[in-house]
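Engineer: take this sequence and fold it.
(chains A, B, C and D)
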4 protein chains.
Amino acid sequence: MGEVKRIGILTSGGDCAGLNAIIRAVVYRATGYGWKVFGISRATNGLMARPPEFTALEIEKVDRILTQGGTMLGTTNKGNPFAFPMPDGQILDRSEEIIEGYRMLNLDAIIGIGGDGSMAILRKLAQQGGMNLVTIPKTIDNDVDITEQSIGFDTAVNIATEALDRLHFTAASHSRVMILEVMGRDAGHIAISAGIAGGADVILIPEIPYTISNLCRKLDERQAQGKNYSLIIVSEAVKTEAGQAVNCTHAFGEMRYGGVGQYLADVIHECHGAETRVTVLGHAQRGGTPSPLDRLLASAFGVAAVDLIAQGKFDRMVAWRDRNVIDVPILDAIQQYCVVDPDSTLVRTARGLGIYLGD
Amino acid sequence: MGEVKRIGILTSGGDCAGLNAIIRAVVYRATGYGWKVFGISRATNGLMARPPEFTALEIEKVDRILTQGGTMLGTTNKGNPFAFPMPDGQILDRSEEIIEGYRMLNLDAIIGIGGDGSMAILRKLAQQGGMNLVTIPKTIDNDVDITEQSIGFDTAVNIATEALDRLHFTAASHSRVMILEVMGRDAGHIAISAGIAGGADVILIPEIPYTISNLCRKLDERQAQGKNYSLIIVSEAVKTEAGQAVNCTHAFGEMRYGGVGQYLADVIHECHGAETRVTVLGHAQRGGTPSPLDRLLASAFGVAAVDLIAQGKFDRMVAWRDRNVIDVPILDAIQQYCVVDPDSTLVRTARGLGIYLGD
Amino acid sequence: MGEVKRIGILTSGGDCAGLNAIIRAVVYRATGYGWKVFGISRATNGLMARPPEFTALEIEKVDRILTQGGTMLGTTNKGNPFAFPMPDGQILDRSEEIIEGYRMLNLDAIIGIGGDGSMAILRKLAQQGGMNLVTIPKTIDNDVDITEQSIGFDTAVNIATEALDRLHFTAASHSRVMILEVMGRDAGHIAISAGIAGGADVILIPEIPYTISNLCRKLDERQAQGKNYSLIIVSEAVKTEAGQAVNCTHAFGEMRYGGVGQYLADVIHECHGAETRVTVLGHAQRGGTPSPLDRLLASAFGVAAVDLIAQGKFDRMVAWRDRNVIDVPILDAIQQYCVVDPDSTLVRTARGLGIYLGD
Amino acid sequence: MGEVKRIGILTSGGDCAGLNAIIRAVVYRATGYGWKVFGISRATNGLMARPPEFTALEIEKVDRILTQGGTMLGTTNKGNPFAFPMPDGQILDRSEEIIEGYRMLNLDAIIGIGGDGSMAILRKLAQQGGMNLVTIPKTIDNDVDITEQSIGFDTAVNIATEALDRLHFTAASHSRVMILEVMGRDAGHIAISAGIAGGADVILIPEIPYTISNLCRKLDERQAQGKNYSLIIVSEAVKTEAGQAVNCTHAFGEMRYGGVGQYLADVIHECHGAETRVTVLGHAQRGGTPSPLDRLLASAFGVAAVDLIAQGKFDRMVAWRDRNVIDVPILDAIQQYCVVDPDSTLVRTARGLGIYLGD
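Structural biologist: Numbering: from 1, shown residues only, chains lettered A, B, ... in the order given. Model (predicted):
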């Protein structure tokens, strides 16, 4: 352990709150070992560039970033190196360039911070190129398996809950049905957590089918009980009742925005009659000051990832379990995409509270 | 002042943060005089109903509402009583019914909380029916004249600024142009205040024309200076460069959502090339816990409005000037719609900071 | 399950954020079963009163309390019924009165929300009187065993972290050592979590001894590295270096307030020389709007506790494990007081970040 | 205006939220003129040092500080240069050294950010040494005359109000009298604003005498009305009923902390009987992320101050009036200390709400 190691660190995929807190912890811990840390720019793109693009990270540079959202290294959720879209339209396998970049920097190991997609790509690269890889799970969607929580999730839930808190009052004042569309990719974790915490009356997630008639029955029941308003939270990936994806086309002048929130507004207005309003929370879910819990997990993950390298344990992901960090083979974590289990506590909680959650 | 007065209070138009704080202050002050307060339901609709719909308000009922968003009385921004849309499609003048409702409740005076539109209607009703009216300005748009600030504005600016703070990080992480569309009706007060406070690079407001080429020049300049991202805040009422309103159609299956934010995303992507993302803040701007400043003003306005009634001063609006409440003829306040003055401090400030603000 | 059950609910010990969210969930779930819920006033005191003091809880009464701090039932952290301090100075065993109160209300079961001390008392009462008891762990100190988290802890950590965030800036501006004294009773959970999340330089907790010379060495090192300020977070139960409790006497005119924060300020000023300032966070740690996570756990615990009663499972506590609710014998949870484990992830994290954490 | 000016900027006195936002605005505006900005370290101390201590400020260095509390330049509220305490105990007049420092940097003008005390000192220096001075009012106490608001005040009021919001719940849960002691020096602006906004039952400020018997009568009245708790906010400078300052001695081992909050707790416990708890908000009032309003004013002041220099207008302070920046002779602003006017709207509002506010 006496030798001076050179380790790289990169953030990959969509940004979220807490990435900088991880970077800071890695730099603090590695500096404690006397190592050098290279912050790779824009995910694997920095290793693809010639010369490789990076920042030498010392404590000075990360001293103030604990509370900052986003990632100081930049990131991208485009550019799979095995099928990289070139400016001229070609799709190339550029994996070898990345491996070469790793060697050019003479790295002993690399810490990859990403969701399951990024981790799968990084692992493939590592195996192909003999890179020593440790990963840290981050995603506002919380869909990485094994870890109780991924970095960015707690903050995203906080922001979505805060939005429900605000909509609650304006819904009640105007006797409206308010629909909040939140992120989450193919998993409903944000929606169910924020929905329970924010007192939603209806929670729609991709894991559980729903019918418009049952949904409207819930709204009618509330009206019958003298409640003049309702709050609905819906995951972006929820489909129409018939199971069709709700397309979101963006070209100006043609067919416009049609997220699931707007779809629901239309069908609810028809079956239930109330005035409806849609709020699409969008990118504000990603970028805020990380919550204390996200900062805590980020710090613990960052320190633990460096310790794994010190112990020569590679191809492993750190995970949060029972208020401790454990580490598991990356493969175990990415084999299965973690969605909301219909038998889980949160589903039972939502139903126990009388929330309509599909079926 | 010894007699027991009966006063009504109603909230009219779009809801905002701080309405309940006003109601609470009115009830405390009126109870101090030994008067009775009647909280009219859903703006003037409560006076139109037979029997009139109201809540007798005592301190018990308003004791806990200081920090709550929305309005406990309900409100509506539909239903001009002089041209009231009936369920069967007819448009009727129902003003006399409201005046009659005021008399049925045997009210000595009424406090109307609303924006300039609501105040104009209430004043017309008051003059037609001999109602003793005092008004309190509220609107997140801050477009009521004479008063430095209307209730709800500070909270709305806080929420919009917080959204910019969050978008800042995700924009920088992904090298994107982020566009935040905020409310404000025909005035740019929210956009210019939040834009300066939140460090926007571009602020577009309805009061000042802009050109796409100047806007993109600003974005290009930032890129040339090594800034890989930009933040744009735009008022909902901003038009296309050519001066056309950007329609927002809502019928499902047809042409969809096309707010000005989306319009800008499309044209910027074309002229500047960067990845763009739009966030439409929507109704979350209205409903949060009121800021301390909104609660302070609301409390001061509520007490002052009751004091005006005690002094027999009617047809007057309370206003905030130089950290004090003054009162002015309602007519003075509604004669002119208060927009952002191109020669004002905030415009000069934005320009002095190098923000692109049109022209 | 067809019969109509009558269940009681009480909150005991120090208040915290999330208690009302539990009460709401219990009422929703029990109402779903068709049962009646009796909210007992001020912990067991409501059962001691004649007639027993309670509120019949329906959905109407708990509909708006999800986001409210404190407890609508009132609570007390005085008045152990087995050694109850009477106004005349006597100490009486009043346990039978409480059991009698339970019978007077004809309760089928009771849900007790409390920390380990309260749970021990409630369990003793239940066993003595044949009461059917289910408990829910709450305490900002997070010192209840088995459950990963108790209600109120996340909010308390958030508030303490926010205070560190604020002190950070003023410490740096004035080149000061800032000391934040937080709650936690005999456990350092709040201090270590907030200390890591808030970027403290020193964390002192009761579980790990410290020396003034090592503490000042840390401050000197920072100064040598050009850091002109330091942040210290300390648990209220930390003792002097020599192991003496730092007394907090409150009688006016005599020896005054001397919490451990002030003690540290004095000794640090002496050994290190810097200007020091102490902030004692106090009761603001208890009473805020519950964090989304606290509301989520509270909702899950409330529903699960009612379900335990439905299944006839008594003498059990609900607990949070791996994002699910489990239930365990109350005895298992109260047998051991859960302090910060010196071998835990958080301790290793703090040390890995170079924080001085004693020894 | 074509020439390249060299301007200095310094922050003086206690830190507050918004100072960095001013510095940023000054740098942006001055850079727009093509000028150079020198950030002087630690108030006038940087000009006293040899060589003078400063940072050359370019946009790069201030780009990210808009939302940061404190001051990147450092500050001090010690070290009046006309009576400077030397390490050896001597008190020296070091004013000429500062003037010399100004000349060594070859400055054309200097922007001084401070409260009334700092502005008086800076003005005296400017007149003695022929320095071109423009000042910007900052102080959480809001006691600078003429300007409606000083930088830092809005944020401080927000933090104090948030503390009251939190104490509200814990007070009600435990049937306690909660006392919050806030800053404000000899003025009660923070206490009266936060007290109204946060729903305090008693507000004590230095400007208005009070009696313990009237204070306890208010608490008794609340109890008689079935309110089991009360909230008191008190300014740090409030004296005992008899008009004596409440000393705060800090030497360990002797008589301890005795702020006015603790004094009140003792006397209230005696006359009213309730359990009381004191929270001293302390330095957390100074250091947070500036509120949007503080950032807005800071930006407007910073731009306007540079514009004054461009126009050759010196010995002037910028001020906020009617949503615009004006400028006035510094002397006009510092001649009179601005305290709470007993005839002002806020005093009438507090009384109108039934709050006990002395007399």
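
Engineer: mind listing the helices for the stretch 151-300 of chain A?
Structural biologist: A:153-174, A:189-197, A:212-224, A:260-271, A:292-310 (DSSP state H, counting those that start in this stretch).

Engineer: winner for burial among these?
Structural biologist: Among these, helix A:189-197 has the highest mean neighbour count (mean count of other Cβ atoms under 10 Å in any protein chain shown), at a mean of 30. C-beta here means a position set from N, CA and C on the backbone, and glycine is covered the same way.

Engineer: report the distance from it to the chain centre.
Structural biologist: 14 Å (Cα atoms, centre = their mean, to the nearest Å).

Engineer: pLDDT averaged over it - what is it?
Structural biologist: Helix A:189-197 shows a mean pLDDT of 98.

Engineer: contacts for it next, please.
Structural biologist: A:140-143, A:153, A:156-157, A:160-161, A:163-164, A:182-184, A:200, A:203-205, A:233-235, A:285, A:340, A:346-347, A:349-350, A:353, A:355, A:357, C:292-293, C:295-296, C:299-300 (Cβ atoms under 8 Å, 6 or more residues apart in numbering or on different chains).

Engineer: with distance to C:Val267 added, can I get the helices of the stretch 151-300 of chain A in a markdown table?
Structural biologist: Formatted as a markdown table, the helices of the stretch 151-300 of chain A follow (distance: least, Cβ to Cβ, whole Å):
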| stretch | distance to C:Val267 |
| --- | --- |
| helix A:153-174 | 37 |
| helix A:189-197 | 43 |
| helix A:212-224 | 60 |
| helix A:260-271 | 58 |
| helix A:292-310 | 28 |
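
Engineer: from the chain's centroid, how far away is stretch A:46-63?
Structural biologist: For stretch A:46-63 - counting by Cα atoms, centre = their mean - the centre lies 24 Å from the chain centre.

Engineer: alpha carbons only: can I get that stretch in PDB?
Structural biologist: The C-alpha trace of stretch A:46-63 is given here as PDB (Å, rounded to 0.1, in the frame of the first residue of the first chain):
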ATOM      1  CA  GLY A  46     -12.400  12.300 -21.600                       C
ATOM      2  CA  LEU A  47     -10.500   9.100 -22.100                       C
ATOM      3  CA  MET A  48     -11.400   9.000 -25.800                       C
ATOM      4  CA  ALA A  49      -9.900  12.500 -26.300                       C
ATOM      5  CA  ARG A  50      -6.300  13.000 -27.400                       C
ATOM      6  CA  PRO A  51      -4.700  13.900 -25.300                       C
ATOM      7  CA  PRO A  52      -7.000  12.500 -22.700                       C
ATOM      8  CA  GLU A  53      -9.000  15.300 -21.000                       C
ATOM      9  CA  PHE A  54      -8.800  15.400 -17.200                       C
ATOM     10  CA  THR A  55      -8.300  17.500 -14.200                       C
ATOM     11  CA  ALA A  56      -5.600  16.700 -11.600                       C
ATOM     12  CA  LEU A  57      -7.700  16.700  -8.400                       C
ATOM     13  CA  GLU A  58      -6.300  17.900  -5.100                       C
ATOM     14  CA  ILE A  59      -8.100  18.800  -1.900                       C
ATOM     15  CA  GLU A  60      -8.000  22.500  -2.800                       C
ATOM     16  CA  LYS A  61     -10.100  21.900  -5.900                       C
ATOM     17  CA  VAL A  62     -12.800  19.800  -4.100                       C
ATOM     18  CA  ASP A  63     -12.900  21.700  -0.800                       C
END
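
Engineer: that one: which residues count as buried?
Structural biologist: Along stretch A:46-63, these residues count as buried under the neighbour rule (16 or more other Cβ atoms under 10 Å in any protein chain shown): A:46-48, A:52-55, A:57, A:59, A:61-62.

Engineer: which ones among those residues are found in strands?
Structural biologist: With strands taken from DSSP state E, the overlap with the buried residues of stretch A:46-63 comprises A:54-55, A:57.

Engineer: of all the residues you listed, which comes closest to chain C?
Structural biologist: Nearest to chain C, judged by Cβ to the nearest Cβ, of those is A:Leu57 at 14.7 Å.

Engineer: OK, contacts around that closest one?
Structural biologist: Taking Cβ under 8 Å, 6+ apart, we find A:Leu57 in contact with A:9, A:23, A:27, A:37-39.

Engineer: go through those residues and name the one nearest chain B.
Structural biologist: Nearest member of the contacts of A:Leu57 to chain B, counting by Cβ to the nearest Cβ, is A:Ile23, at 11.9 Å.

Engineer: let me know whether the helix or strand where the closest one lies sits next to chain C.
Structural biologist: When elements are assigned from DSSP states H and E, A:Ile23 belongs to helix A:19-33. Yes. Using Cβ under 8 Å from any Cβ of the partner chain, we find that helix A:19-33 touches chain C at A:25, A:28-29, A:32.
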